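**Q** pasting the sequence and the predicted coordinates here, then a few questions.
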Amino acid sequence: MIKIYHNPRCSKSRQGLAILEESEKDFEIIKYLDTPLSEKELTHIISLLAIKPIELVRKNEQVWKDNFKGKELNDIGIIKAMVENPKLIERPIVVNEHKAVIGRPPEDIIKIL
């Protein structure tokens, strides 16, 4: 099943959701701010995205600037920061079985449908 890790307050995330709705495929919406991801779940998503954890961080978020910017964090530390502060996770993320994409731009979602 396709999953979208969604923040309804984010315009890009809403655009990504619209693409999924238009695709007429079955999908599950996960509001990751309401239901935070575990370290295991986030690590799995990062592996599907084939990126380094730092590439999933929203570095302009105030919580990043106040608490993490300029600090030496390893991959595990970055993942823990995102788990403890889900606002730091880039969005939307769409997972389709063994493929995943960050929907920035939202049209990238089409590639894995």
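**A** Arrived safely, thanks for sending. Residues are numbered from 1 along each chain as shown.
**Q** please, where are all the helices along the chain?
**A** Along the chain, counting by DSSP state H, helices occupy 11-23, 39-49, 62-67, 75-84.
**Q** okay if I get those helices as TSV plus distance to Pro106, mean pLDDT and mean neighbour count?
**A** Yep, even glycine has a C-beta here, placed from its N, CA and C like the rest. Shown next, in TSV, are the helices of the chain (distance: least, C-beta to C-beta, whole Å; pLDDT from 0 to 100; neighbours: other C-beta atoms under 10 Å):
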stretch	distance to Pro106	mean pLDDT	mean neighbour count
helix 11-23	4	97	17
helix 39-49	16	98	16
helix 62-67	23	97	12
helix 75-84	21	98	17
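**Q** who wins for proximity to Val101 among these?
**A** Closest of the helices of the chain to Val101 is helix 39-49, at 7.2 Å (criterion: C-beta to C-beta).
**Q** just the angle between the closest one and helix 75-84, please?
**A** Here the directions of helix 39-49 and helix 75-84 differ by 110 degrees (axes from the mean of the first three to the mean of the last three C-alpha atoms, to 10 degrees).
**Q** give me the contact list for helix 39-49.
**A** With contact meaning C-beta atoms under 8 Å, 6 or more residues apart in numbering, helix 39-49 is reached by 5, 37, 52-53, 55-56, 79-80, 82-83, 89, 93, 95, 98-102.
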